[in-house]
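[1] take a look and give me a structure for this.
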Amino acid sequence: MESVWSRRIGWLALLLGLAMALALFAPARWLAQAVTGMTDGRLQLPNARGSVWRGQADLLLTGGAGSQSSAALPGGIRWRLRPAWDGGAPALRLALEAPCCTTEPVLLSLRGGLSGAGLHLAASRSHWPAELLSGLGTPWNTLRLEGRLQLQTDGFTASWTRGRLGLQGRLGVDAFDLSSRLSTLRPLGSYRLELQAASDGHTGTLLLSTHTGALHLQGQGQWVGSRLRFEGVAEPAAGREMALANLLNIIGRRDGARSLLRLG
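    Residues are numbered from 1 along each chain as shown. The predicted model follows:
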């Protein structure tokens, strides 16, 4: 009887060892496959190498299944991933680096549980090529934007509880020296898009403003639940109407010299 239990314990130890080895050395391509599945193919990590916990890959944005649009991030990304425990719920801590775009790792925490899930972005600043957006398909592949995007936050959290979206903090995107293939005017201008969570934690305000440029953009939206309603205006500077006419026809509904922007 003792030898039988010894063999069983030996097999159990072997299986546990194999499970731990599989968890510790799971290949990076497994993570790449999971990301592709969760985003319906819109975010892909080709040429993934290393492990799930520490690896690197190319980064590709696409318009999803059936889309012919794609754009790659120069230099790809590197990541470090580790399990954690956050507020009584299991979590994953992710440190993300992109040689082209980050001077220090971007830190994210993903939390899941029976009551919902959450994503927290720690205070950071990074710069990304606007050309990357063209991979997302319509309307970005038509606009073919060029320029530099700066993502900045002092800390931002999005959570989902029983299907309801909650927001905390502020997230800003500054677009510098944007240009488009739809206009010969280069650059069009520089702009800011800011998402500010309301004090109740259940709504958020989206503000669009113009730093400088011949194309003036402004607008405001409200994020309630999981739905965004946004209204804005795109208007050319005096004397720039002809140079911006084609672009204004595409991005909104024309109202004289200007275009009306609407989402939701």
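
[2] for the residue most central in space within the chain, grab phi and psi.
    In the chain, the centroid-proximal residue (Cα atoms, centre = their mean) is L43; its distance is 9.2 Å. Torsion angles at L43 (phi, psi; degrees, to the nearest 10) stand at phi -120, psi 120.

[3] is it in a bridge, and if so with what?
    Beta bridges link L43 to L61, judged by DSSP bridges.

[4] show me the shaky parts of the stretch 101-250 of the chain.
    Where the stretch 101-250 of the chain drops to pLDDT under 70, the residues are 113-115, 201-202, 225-226.

[5] and the strands in it?
    Remark: strands of the stretch 101-250 of the chain, listed N- to C-terminal, are 106-112, 116-121, 124-129, 146-161, 164-179, 189-197, 203-213, 215-224, 227-236; assignment by DSSP state E, counting those that start in this stretch.

[6] still on that earlier bit, which residues are in contact with the residue nearest to the centre of the chain?
    By Cβ atoms under 8 Å, 6 or more residues apart in numbering, L43 lies in contact with 35-36, 59-62. For every residue, glycine as well, the C-beta is placed using N, CA and C.

[7] picking that back up, just send the strands of the stretch 101-250 of the chain back as a markdown table, with distance to I250 and mean neighbour count too.
    Listed next are the strands of the stretch 101-250 of the chain as a markdown table, based on distance: least, Cβ to Cβ, whole Å; neighbours: other Cβ atoms under 10 Å:
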| stretch | distance to I250 | mean neighbour count |
| --- | --- | --- |
| strand 106-112 | 32 | 17 |
| strand 116-121 | 31 | 17 |
| strand 124-129 | 21 | 17 |
| strand 146-161 | 16 | 17 |
| strand 164-179 | 14 | 18 |
| strand 189-197 | 16 | 18 |
| strand 203-213 | 17 | 17 |
| strand 215-224 | 12 | 18 |
| strand 227-236 | 10 | 16 |
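
[8] straight-line length of stretch 178-191, end to end?
    Stretch 178-191 has an end-to-end distance of 8 Å (Cα to Cα, to the nearest Å).

[9] figure out how far that stretch is from the centre of its chain.
    23 Å (Cα atoms, centre = their mean, to the nearest Å).

[10] what about E131, how many neighbours?
    18 (other Cβ atoms under 10 Å).

[11] W79 contacts A98, doesn't it?
    No: counting by Cβ atoms under 8 Å, W79 stays clear of A98, with 9.8 Å between them.

[12] higher neighbour count, the two?
    W79 (23 against 19).

[13] that one looks like it's in a helix, true?
    No: with DSSP: H, G, I helix; E, B strand; the rest coil as the criterion, W79 is strand rather than part of a helix.

[14] residues in contact with it?
    Per Cβ under 8 Å, 6+ apart, neighbours of W79: 54-56, 94-97.

[15] from the contacts of L43, list the buried ones, please.
    By neighbour count, with 16 or more other Cβ atoms under 10 Å, these hold 35-36, 59-62 as buried.
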